[in-house]
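1. 3D model of this:
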Amino acid sequence: MIEFYDLRIWQEAKEVFKTTYMVTRHPCLDNDRYVRLQLRRAAYSVGLNIAEGKGRGTAKQYRQFLLVARGSLEEVHSGFYIAQELFPELQMTPEFEAQIKQLKLSISALIKKLAASN
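-> Model prediction:
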């Protein structure tokens, strides 16, 4: 049986979380813990939902958790755009944006594959 940590999308989600964690260590967020914590929680949720869905046992349930994971990823993406307007020194690098976009594509492809198998 394939474990969640063997999944490429879970590995990608882990990398997005690690990058989010590092970027949100920026001193500009020292006085706004809410923004820092919300971005981290949303990024953390992506991988957790991928893992939970994988462990549910049915394609339908897995797909539902992937939809939630994709929503959390959108929250991270949107949150960074808003945060950059409030904290101009907080920059989403092109590499980080590419990471997020690649993970969105990967999750969407798996959602589509699972939907077709039903």
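
2. give the rounded mean pLDDT of the helix or strand hosting Ile9.
-> Using DSSP states H and E, Ile9 sits within helix 8-23. Helix 8-23 shows an average pLDDT of 97 in the prediction.

3. what of stretch 54-70?
-> 95.

4. so what's the gap between that stretch and the chain middle?
-> Averaging C-alpha positions (C-alpha atoms, centre = their mean, to the nearest Å) puts stretch 54-70 15 Å from its chain's average.

5. ok, Ala43 - contacts?
-> Ala43 is in contact with Val16, Phe17, Thr20, Tyr21, Ser72, Leu73, Val76, counting by C-beta atoms under 8 Å, 6 or more residues apart in numbering. Every residue, glycine included, has its C-beta placed from N, CA and C.

6. now with 7 Å?
-> Ala43 makes contact with Val16, Phe17, Thr20, Val76, according to C-beta atoms under 7 Å, 6 or more residues apart in numbering.

7. buried set for the very next helix or strand once past the helix holding Ile9?
-> Sequence order places helix 33-56 as the next helix or strand after helix 8-23, per DSSP H and E. Buried residues in helix 33-56, defined by neighbour count with 16 or more other C-beta atoms under 10 Å: 35-36, 38-40, 42-54.
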